[in-house]
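Peer 1: quick one: sequence plus predicted model below, questions after.
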Amino acid sequence: MDRLRAYEVFVTVVSRGSFTRAADALETSPANVTRYVNELEAHLGTRLINRTSRKLSLTEGGETLYARCKSILDDVVETEGLVSSASVEPRGRLRINAPVSFGILHLAPLWPEFMRRYPRVELDVALIDRVVDIVDEGYDLAIRISRTGSTNHAARKLATSRNIVCASPDYLKRCGSPATPADLAGHRCIGYLYAATGDEWQLIDSKGKAHAVKVNYLMRSNNGDTTRAAALAGQGVIWQPTFLVGNDLRAGKLVQILPEYRLPDIDVLALYPSRRHLSAKIRAMIDFLAEAFGGVPPWDRE
């Protein structure tokens, strides 16, 4: 048994959630995929995957093996990619998906420099706030703002953005500033529709204790700029990342509320379908963005 190949097959089955889809990704037959997994289980003397007619689930041993093997295989492919793509000129169409506000504020200013460096790459940029399926919808790369990362695709962290609870000076003058997280329940709040926590805001104190409060929304929107505009107009309290409100905070147009508490940070990620055979154009874009957002990201620079 080719153990490295068996581990690759096992990881692909788990990540794709199906023997058939793994076979398609590996360009082999489902029977071959099944054989590799069976041989790996026999070699290790333990079951790794529980199979039913509807779904697959990992055993405890399978979970341990998957986490370790995925990390090792990712490192191998990453190393190979550094060598194989270094001498290839980036070229061709590059389809990118990104959130609307982040794309306008922080990606659009970068495209001219990327095009100057890589004149043979044709950029096709779609700004969409919903979470797209980059494989089904044909994207080479997606920029994702996330607290949880991705289990379905390869990802590289580009930067971190802090989340801030804030309001305009006018609103705070009229309605007062909350002294504790619980006080937010009595304020007019403006919510982001795609927030994972819905209408429950969780703030963490200096001792690491989380304080959850259910807020009352005056307004919700699926677009961060819309919530920001309402806050700037004095209509309520928002929770938004510094990549969106950093300039407003520095200019005094918005004021941070409850600064002694923090909110969970969010990561700016570059997602791509697979680390296998990463093309020169995708690698060039990821490295370019990592360079642009390296160190202190632009939205948190003074």
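Peer 2: Thanks, I have the structure now.

Peer 1: going forward, measure contacts between C-alpha atoms and count neighbours the same way
Peer 2: Fine.

Peer 1: can you name the next helix or strand after the helix or strand T227 falls within?
Peer 2: Element membership for T227 (DSSP states H and E) is helix 224-232. Using DSSP H and E, the helix or strand that follows helix 224-232 in sequence is strand 237-241.

Peer 1: now the angle between helix 224-232 and that following strand, please.
Peer 2: Calculated by axes from the mean of the first three to the mean of the last three C-alpha atoms, to 10 degrees, strand 237-241 forms an angle of 140 degrees with helix 224-232.

Peer 1: next secondary structure element downstream of strand 237-241?
Peer 2: helix 242-251.

Peer 1: elements contacting that following helix?
Peer 2: Here helix 242-251 touches helix 100-102, helix 224-232, going by 3 or more C-alpha pairs under 8 Å, 6 or more residues apart in numbering; DSSP states H and E.

Peer 1: could you redo the last one with a cut-off of 10 Å?
Peer 2: Counting contacts by 3 or more C-alpha pairs under 10 Å, 6 or more residues apart in numbering; DSSP states H and E, helix 242-251 is packed against helix 100-102, strand 154-161, strand 163-167, helix 224-232, strand 237-241, strand 255-256.

Peer 1: rewinding a little: what mean pLDDT does the helix holding T227 get?
Peer 2: Across helix 224-232, pLDDT averages out at 95.

Peer 1: what is the orientation angle of it with strand 163-167?
Peer 2: If you take the same axes, to 10 degrees, helix 224-232 sits at 40 degrees to strand 163-167.

Peer 1: all helices of the stretch 1-150 of the chain, in order?
Peer 2: Counting by DSSP state H, counting those that start in this stretch, the stretch 1-150 of the chain has helices at residues 3-16, 19-26, 30-44, 60-84, 100-102, 111-117.

Peer 1: sketch out the low-pLDDT regions of the stretch 151-300 of the chain for me.
Peer 2: Where the stretch 151-300 of the chain drops to pLDDT under 70, the residues are 151-153, 274-277.

Peer 1: if we use 80, what do you get?
Peer 2: Within the stretch 151-300 of the chain, the stretches with pLDDT under 80 are 151-153, 194-198, 274-278.

Peer 1: dump the residue contacts of L249.
Peer 2: L249 makes contact with I164, C166, A167, S168, T242, V255, Q256, according to C-alpha atoms under 10 Å, 6 or more residues apart in numbering.

Peer 1: contacts for the helix holding T227?
Peer 2: Here helix 224-232 makes contact (C-alpha under 10 Å, 6+ apart) with 99-102, 129, 166-171, 189-194, 219-221, 233-241, 244-245, 248, 253-254.

Peer 1: and L141, how far from V135?
Peer 2: 9 Å (C-alpha to C-alpha, to the nearest Å).

Peer 1: could you do G17 as well?
Peer 2: G17 sits 15 Å away from V135, taking C-alpha to C-alpha as the criterion.

Peer 1: from what I can see V237 touches Y192, true?
Peer 2: No: using C-alpha atoms under 10 Å, V237 is not in contact with Y192; the gap is 11.4 Å.

Peer 1: thinking again about what came up before, between the contacts of L249, which has the most around it?
Peer 2: Counting by other C-alpha atoms under 10 Å, A167 has the largest number of neighbours within these, with 28 neighbours.

Peer 1: find the residue closest to that one in space, skipping its chain neighbours.
Peer 2: V237 (4.8 Å; C-alpha to C-alpha, 6 or more residues apart in numbering).

Peer 1: re the thing from before, Produce a ChimeraX select command limited to the buried residues of the contacts of helix 224-232.
Peer 2: In ChimeraX, a selection of the buried entries from the contacts of helix 224-232 looks like this (16 or more other C-alpha atoms under 10 Å):
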select :99,100,101,102,129,166,167,168,169,170,171,189,190,191,192,193,219,220,233,234,235,236,237,238,239,240,241,244,245,248,253,254
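
Peer 1: more crowded one of L141 and V135?
Peer 2: It is L141, of L141 and V135, that has more neighbours when counted by other C-alpha under 10 Å, with 23 against 13.

Peer 1: do you know the pLDDT at the more buried one?
Peer 2: Confidence score, pLDDT, at L141: 93.
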